[in-house]
Structures are given as structure tokens and as C-alpha cells.
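[1] this one's sequence-less:
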């Protein structure tokens, strides 16, 4: 009996030790997480290194993220991948997704879309919504796997039904354009609405467009302006351009070129060629900003460099007349010809009105 009691006592002591160790590890991670949330990255990094070396999965995952982002240390993709891989191979979906992104972007590992796809798939099959959405994108684009729109839609739906905003937006796109499903703009709007209400800027912009055009929903410019503004205030360049155009044209709002210039400027700072061209028009006209042909020429040139064809015609107009640039009718002629070949009819008007055929 004593012998059995002794064995039982040893077992109880072992359980107690394991329990204390688990509690201590959990407490240590909470301490590191607290430091991380306070942006005290050096303290968090120091504590996480200890946890990671002990095999703590949460610690390893967060440590990998800190190396990946360069938080509390110099950015080190290879070190990040080392920790992500340890956790991913234990079947943790968050780490599998992170590893997928590393292979997709070629950070810390050679770029390999097939391997990226496999890691996203492993994560998605465990029900991780973000990976399901990303797997859908890979199927949609044919990245790392043959393009399969039906399969893409399936994964977007899985993510969307879990409340993933990007998945909801992407599923909305499938319905709007009839990709992998029967086209149904009203169903698209339903999914866009869900994503937009979560603050997803692309969905907010898309809702703004649909309200502005009255596609699948009664036309409502006030609603369009509301959704464009929500997305624009988050920094979405497309929405900033769309909001700027509403103020430029007085669509649903009072015409206000100064307000238009504000939003075009924000979008142009994000390298939007459409914003650059529209802002250039305001400088050329002196609408909402002081007239400045030199600034207009710079912006039109930048838009042309980014292959925004309409800007080609307006830049030709400046060269034809020597507005803001040295007059160069031959350059103006070539610009008009390039724009016209690319399908911009307005370039022919500039060509004819400036006598560039002579």
C-alpha cells in the first residue's frame, strides 16, 4: 500500500509542477503582451525571447511578428520566419497564414506562390477566416494554383460567413460581376453593406459608387457622399478622388473647388494618377487653388508617367501653347498621337484645335 501511495504522491507532485509551470508561462505571456500593447517593445521582446525558447507557442508567434515588423529590434525577416515556421509546423493557423504571406511577398524566404498557397490552404482548412479570404484571392488570380473562380467564390463565402470584412467585400464583387455565381447586384450590395459597416474602406467606396450610379439600388447622392467620405477619411485614394469629383461637379453637394482640391491632393500624395490629373486641371484653371501652369504641367506629367491616358491630351495642350513648359509643338503632336492611339478621343480635339497637323 505504501508503494502505491508513493507512486500516487509522485504523480500528484508532477501534476502540480506542470500546473504551476503552465500558469507561470501564461502569466509571463500576459506580462509580455501587456508591454507590447503599451508599445514597450523592448520589454516585450526580452520577455518573449525567454518564453519562445521554452517552446511557448503564443510567445513564439508574437516574437516572430515583432521581428517581421521590426518592433523593439531591427527588422529581421529570416528570424521572423524561423519562429513562424516552428509554430506553423505545430498546426497553428495564424502562423501558417503568416508563413504564407512571407512566401507570397518573398520576405525572409524566396518568393514562391505555390508554397504560399499551400500554407494559406492549411490555415484556411482549419477555418481561419483571413486565410480563407486570401486563399480565395489566390484562386481568383491564379496565383500558385490554376485560376478557379468557382473555388475562389467558395472560399470568399466561407470567410464572409464568419464576418471577415475582406471576404464579404470580395464575395460582393463576385455577385456584382457574376464571377462564380449568378450575377446579382442586390446580393452584392448586401455583402458590401456588411463589410462597409465594419469600416472596410473598399466596400464603402463600392457602396458610394453604386448609390451614385443607382445600380441595384435607388440613386442617392447623399448616401454616395456619406460612404465616399467614410472611406476617404480612412485614406482610401479611390474614395478621395470620387469625393473630390462630387465637390468639383456639385453632385449631391454644393460645388466647392477648394474642397475638391483638398481631396485630390490627398489622393495624389498616394500616387493616384487620376487625382494628379484632376488636381492639375484645377491648377490650370485656377479653380480652388491659385492658377499655376507649372504645377499643372508637373502633375499632368506624373499622371502620364503612370499611364493615365486622359492626362496625355491635357499635357499636349500645355506644350502646344507653352503654358508652364517651354513651347514644343512637336512634343504636343506626339502626345496627342499617343493618346489617340490609346483610345482617348479628346486628344484629336486638342490636335485639331491647336493646328498640330500643320
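    Here it is on my side, so go on. Since the model is a prediction, treat every value here as computed from it, not as a measurement.

[2] Identify the residues contacting residue 64.
    Taking C-beta atoms under 8 Å, 6 or more residues apart in numbering as the contact definition, residue 64 lies against 79, 80, 81, 82, 83, 84, 87, 95, 98. Any C-beta I mention is one placed from the backbone N, CA and C, and that applies to glycine too.

[3] After the helix or strand of the chain with the lowest mean pLDDT, which helix or strand is next?
    The least trusted helix or strand in the chain, going by mean pLDDT, DSSP states H and E, turns out to be helix 2-37, with a mean of 59. Toward the C-terminus, helix 2-37 is succeeded by helix 41-53 as the next helix or strand (DSSP states H and E).

[4] and that next one, what does it pack onto?
    With contacts taken as 3 or more C-beta pairs under 8 Å, 6 or more residues apart in numbering; DSSP states H and E, helix 41-53 sits against helix 2-37, helix 57-69.

[5] now residue 117: how far from residue 141?
    Per C-beta to C-beta, to the nearest Å, residue 117 is found 11 Å from residue 141.

[6] how about the nearest residue to the residue nearest the centre of the chain, chain neighbours excluded?
    By C-alpha atoms, centre = their mean, the chain has its centre lying nearest to residue 202, at 8.3 Å. Nearest non-adjacent residue to residue 202, counting by C-beta to C-beta, 6 or more residues apart in numbering: residue 169, 5.4 Å away.

[7] and the helix or strand encompassing residue 242, how far out from the chain's middle?
    Per DSSP H and E, residue 242 falls inside helix 237-249. The chain centre lies 19 Å from the centre of helix 237-249; the measure is C-alpha atoms, centre = their mean, to the nearest Å.

[8] what does that helix rub up against?
    The contact list for helix 237-249 (C-beta under 8 Å, 6+ apart) reads 201, 204-205, 208-209, 212, 221, 224-225, 227-232, 251-257, 259-264, 266-267, 270-272, 274-275, 278, 282.

[9] Now, the residues you listed that are in helices?
    Residues of the contacts of helix 237-249 located in helices (DSSP state H): 201, 204-205, 208-209, 212, 221, 224-225, 227-232, 257, 259-264, 266-267, 274-275, 278, 282.

[10] ok, of the residues you listed, which come out buried?
    Buried members of those, scored by 16 or more other C-beta atoms under 10 Å, are 201, 204-205, 208-209, 212, 224-225, 227-232, 257, 259-264, 266-267, 274-275, 278, 282.

[11] Going by neighbour count, list what's buried in the strand or helix carrying residue 317.
    Using DSSP H and E, residue 317 sits within helix 310-321. By neighbour count on 16+ other C-beta under 10 Å, the buried set for helix 310-321 is 310, 311, 312, 313, 314, 315, 316, 317, 318, 319, 320.

[12] Show me which of the contacts of residue 64 is closest to residue 147.
    Checking those against residue 147 with C-beta to C-beta, the nearest one is residue 98 at 24.8 Å.

[13] that older thread, please narrow the contacts of residue 64 to those residing in helices.
    Using DSSP H, those in helices are 79, 80, 81, 82, 83, 84, 87, 95, 98.

[14] Out of those, grab the one that's most surrounded.
    Highest neighbour count within these: residue 84, with 31 neighbours (other C-beta atoms under 10 Å).

[15] Run through the residues that contact the residue nearest to the centre of the chain.
    Shown in contact with residue 202 (C-beta under 8 Å, 6+ apart): 169, 195, 231, 236.

[16] Return the per-residue confidence for the closest residue to residue 212 other than its chain neighbours.
    Leaving out its chain neighbours, the residue that sits closest to residue 212 by C-beta to C-beta, 6+ apart is residue 224, at 3.8 Å. pLDDT recorded at residue 224 is 97.

[17] shouldn't residue 224 be in contact with residue 209?
    Yes - using C-beta atoms under 8 Å, residue 224 is in contact with residue 209, at 7.4 Å.

[18] what about residue 211, distance to residue 261?
    From residue 211 over to residue 261 the distance is 24 Å, taken as C-beta to C-beta.

[19] Please read the previous query as pertaining to residue 71.
    In this view, residue 71 and residue 261 are 37 Å apart by C-beta to C-beta.

[20] what's the answer for residue 81, then?
    The gap separating residue 81 from residue 261 is 45 Å, by C-beta to C-beta.
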